[in-house]
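> need a 3D model of the sequence below.
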Amino acid sequence: MNVGDGQRKPDCTRQVITPDTQTSIIEEGTLFLKPSIILGFNPRNDRNPLWGIRYESNGNLRDIPTNIFKSCFYINDINATAKVTYHVSDVTKFQAYLPANESLILQLDVNITNGERQQVYTYNVFRYISNPNEIWERQELETPSGVYCLNRTSEKPVPINIPDRIISNSESSLPTLNNSIFSSHNYFDNEYQFSRFDVWFPDPEGESDWFHGTEMHDFAVGLSYRFNHANRQCTVRDIGGDTFDAVPVNGNPNLFQMSSSQHLFLMDDITYQYTGEKPCRDRVWCNVWIGENYYRNHTVDHREWYWATRINNIEISPWIPIKLIGKRYVSGVLNYTFETSKENQFIK
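Okay, here's the model as predicted:
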């Protein structure tokens, strides 16, 4: 299905920091300083004893009364000198969303020189958070959403406490298929070797608005039953390898048994990395795991699992799987994508 929107796959490069690594700049080969360097930290994120500021004058920026400060300091890892002008709100004349007597950084004007090279640029600050709480701080130290870093050290193992009896309601959106919505009600019972999947999606034949189908797998007798609610027809056939809840027996491609709940939730066929806790729904925070499988012809399958950990800032236990994002890239270009939201009832 070559219906992607041309988006490129985000890349992540892992690099060991050595004493010679230039960590004061955003991108190697440029003179664009990290904001932390401008705000008084050295290339190793320690307080910079060579940094200091002095008051220059009052001003007005974006209709906000300001105090203007200046600084000049040396950056040793790139052998450069920076001259910076700081525009901060005047706490005696303007009260922002910050606590009382706290200033708001509005603009940083940078003039940096390295030998004969000179770079002049400005940081405009539109949102400033002073002393971020633990959640915000952890967010800033995590990789961006959707980015997979090869050989990353994962700090949390992927959940394995999925019961053998599950009821789930799912809704899948396929942006690359005219934003079609697929709804399903699923029952999976490993103890009784039985599963049932009801699915609703736009009718491909155009005979009605929605198609409703039911498929049941009885692994105790090795048969599947597929029922079309529109024409009341039922098809019976042997369970084969084209059903996602079946796996070969001891590697025999002609014999199948019911899979584990881990396999049903796509948790056991890929190596997942823990990428941190992120907001995933309104007032809901999730632990997120990302994994990728690589195939021939430069094809990559990318998955992101979101497990709810806190609702209204109240921790929940056990964690609940609520969203799965899947993408396929061919030669680095997005080819297919889907997103599934789940409401699960775990039955032990």
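
> ok, H302 - contacts?
Neighbouring residues of H302 by CB atoms under 8 Å, 6 or more residues apart in numbering: K9, Y148, I290, G291, E292, G326, K327, R328, Y329. (Each C-beta comes from the backbone N, C-alpha and C, glycine too.)

> let me know the pLDDT of the first one.
Think K9. Note on K9: pLDDT of 86.

> report how many residues lie close to it.
For K9, the neighbour count with other CB atoms under 10 Å is 17.

> thought it was touching T299?
No: using CB atoms under 8 Å, K9 is not in contact with T299; the gap is 11.0 Å.

> pull up the overlap in contacts between those two.
With CB under 8 Å, 6+ apart as the test, K9 and T299 both reach Y329.

> setting aside sequence-adjacent positions, which residue approaches K156 most closely?
Leaving aside its sequence neighbours, K156 sits nearest to Y274 (CB to CB, 6 or more residues apart in numbering; 4.0 Å).

> helix or strand: which one has the one you found?
Under DSSP states H and E, the secondary-structure element containing Y274 is strand 272-281.

> within its sheet, name the partner strands of that strand and how each one runs.
Each strand paired with strand 272-281, and its direction, by DSSP bridges: strand 284-295 (antiparallel).

> name the residues that touch the partner strand?
Applying CB under 8 Å, 6+ apart, the contact partners of strand 284-295 are 135, 145-148, 154, 156, 158, 269-280, 300-311, 313, 319, 322-323.

> would you map the strands across the stretch 51-200 of the chain?
For the stretch 51-200 of the chain, strands defined by DSSP state E, counting those that start in this stretch occupy the ranges 54-61, 64-75, 80-89, 105-114, 117-124, 165-174, 180-189, 194-202.

> tell me the most buried of those strands?
Of all the strands of the stretch 51-200 of the chain, strand 80-89 has the most neighbours on average by mean count of other CB atoms under 10 Å, namely a mean of 19.

> could you give the mean pLDDT of that strand?
pLDDT averaged over strand 80-89 gives 96.

> angle of that strand against strand 105-114?
Counting by axes from the mean of the first three to the mean of the last three CA atoms, to 10 degrees, strand 80-89 points 170 degrees away from the direction of strand 105-114.

> strand 80-89 to strand 64-75, inter-axis angle?
Computed by the same axes, to 10 degrees, the angle separating strand 80-89 from strand 64-75 equals 160 degrees.

> direction included, what does strand 80-89 pair against?
Counting by DSSP bridges, strand 80-89 is paired with strand 64-75 (antiparallel), strand 105-114 (antiparallel).

> low pLDDT regions in the stretch 101-250 of the chain?
Applying pLDDT under 70 to the stretch 101-250 of the chain flags the ranges 176-177, 204-208.

> how much distance is there from the top strand by length along the chain to the middle of the chain?
In the chain, assigned by DSSP state E, the strand with the most residues is strand 314-330. Strand 314-330 sits 10 Å away from the centroid of its parent chain (CA atoms, centre = their mean, to the nearest Å).
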